[in-house]
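**Q** Only the shape, not the letters, is given here:
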């Protein structure tokens, strides 16, 4: 019998954060009945040491989150896919909460409440603005831990080949397939990108990208600025010569 839940983690040059997340995951109640799949790009030695046999480690060849998550999902055997960033920490009862959310056959997926790990005043303000947004729209971001029935994910064709906002695009398509549930329990994620680049500058850039996406205008041209240098860990500061809008 296969696993009930497959936890899929994309990781790009992010061994230190991945190690901390796996340290957290292996202590979750019920994780013994789940599987963990890490789809990685960059830093092969550090990533392998971080995984240390605690997950299935894939090297699919792509480097965007969409490519890595799709590759991880393609090999996953669970009936439910739980996508988790490499710097995020689900609540202790996360797996039970997902099962409960999907206990209703009308529900096709969902996500958790968002919360930054760092107790920075600006990050707290951004968290509450985000909570108001996604509670009204039911549009989730990846750092909320999106989960979905595997059959629905595959029927939707997975994540589209986007270099930025693949999570927003997917959650909008998910809502059209059925109920998308919000688990009212925070999934804690690192605010390192916001702190390194300036909380309000980064938030403003996010709003700009979402506005472009909503108006069906190009966002791919901003992907490298959002992702940062390919060889650097996620959340690296913007180069001084290329300030964010």
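**A** It's in. In this text, all values refer to a predicted model and were calculated from it rather than measured experimentally.
**Q** helices and strands of the protein: which one bottoms out on pLDDT?
**A** Among the helical and strand segments of the chain, the one scoring lowest on mean pLDDT, DSSP states H and E is helix 223-227, with a mean of 76.
**Q** for that one, packing partners?
**A** Applying 3 or more C-beta pairs under 8 Å, 6 or more residues apart in numbering; DSSP states H and E, we find helix 223-227 packed against helix 199-214. Any C-beta I mention is one placed from the backbone N, CA and C, and that applies to glycine too.
**Q** just checking, what packs against the helix it packs on?
**A** Where contact means 3+ C-beta pairs under 8 Å, 6+ apart, helix 199-214 is packed against helix 121-137, helix 166-175, helix 192-197, helix 223-227.
**Q** so how far is residue 86 from the residue nearest the centre of the chain?
**A** Centroid-nearest residue in the chain, with C-alpha atoms, centre = their mean: residue 142, separated by 3.0 Å. Taking C-beta to C-beta, to the nearest Å as the criterion, residue 142 is separated from residue 86 by 11 Å.
**Q** And residue 92, by the same measure?
**A** As defined by C-beta to C-beta, residue 92 lies at a distance of 19 Å from residue 86.
**Q** quick one: which of these two has more around it?
**A** Neighbours were counted for residue 92 and for residue 86 using other C-beta atoms under 10 Å; residue 86 has more, 28 against 14.
**Q** wouldn't the more buried one be in contact with residue 13 here?
**A** No: the pair residue 86 and residue 13 does not pass the contact test of C-beta atoms under 8 Å, sitting 9.8 Å apart.
**Q** Which residues are in contact with each of these two?
**A** residue 234 (C-beta atoms under 8 Å, 6 or more residues apart in numbering).
**Q** how long is stretch 39-49 end to end?
**A** Across its full length, stretch 39-49 reaches 14 Å between end residues, using C-alpha to C-alpha, to the nearest Å.
**Q** for that stretch, which positions count as buried?
**A** For stretch 39-49, a neighbour-count test (16 or more other C-beta atoms under 10 Å) marks 39-43, 46-47 as buried.
**Q** what's next to that stretch, contact-wise?
**A** By C-beta under 8 Å, 6+ apart, the residues outside stretch 39-49 that reach it are 8-16, 18-19, 38, 57-63, 68-69, 71-72, 230-231.
**Q** rerun that using 10 Å as the cut-off
**A** The set of residues that contact stretch 39-49 without belonging to it, under C-beta atoms under 10 Å, 6 or more residues apart in numbering, is 8-16, 18-19, 38, 50-51, 55-65, 67-76, 86, 230-233.
**Q** from the middle of its chain, how far away would stretch 131-151 be?
**A** On the basis of C-alpha atoms, centre = their mean, to the nearest Å, the separation between the geometric centre of stretch 131-151 and that of its chain is 10 Å.
**Q** for stretch 143-158, that is, sorry about that
**A** On the basis of C-alpha atoms, centre = their mean, stretch 143-158 is displaced by 12 Å from the centre of the chain it belongs to.
**Q** So what's the model's average confidence on it?
**A** The average pLDDT for stretch 143-158 rounds to 97.
**Q** got a list of what the residue nearest to residue 101 when sequence neighbours are not counted touches?
**A** With sequence-adjacent residues excluded and distances taken as C-beta to C-beta, 6 or more residues apart in numbering, residue 101 is closest to residue 181, at 4.3 Å. Shown here is residue 181, whose contacts under the criterion C-beta under 10 Å, 6+ apart are 97-98, 100-104, 106-112, 138, 147.
**Q** circling back: and the contacts of stretch 39-49, which of them are in strands?
**A** With DSSP state E as the criterion, strands contain 8-12, 38, 56-58 from among these.
**Q** Using CSV, lay out these together with distance to residue 189.
**A** Rendered in CSV, the data for these read as follows (distance: C-beta to C-beta, whole Å):
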residue, distance to residue 189
8, 16
9, 13
10, 14
11, 14
12, 16
38, 17
56, 23
57, 22
58, 22
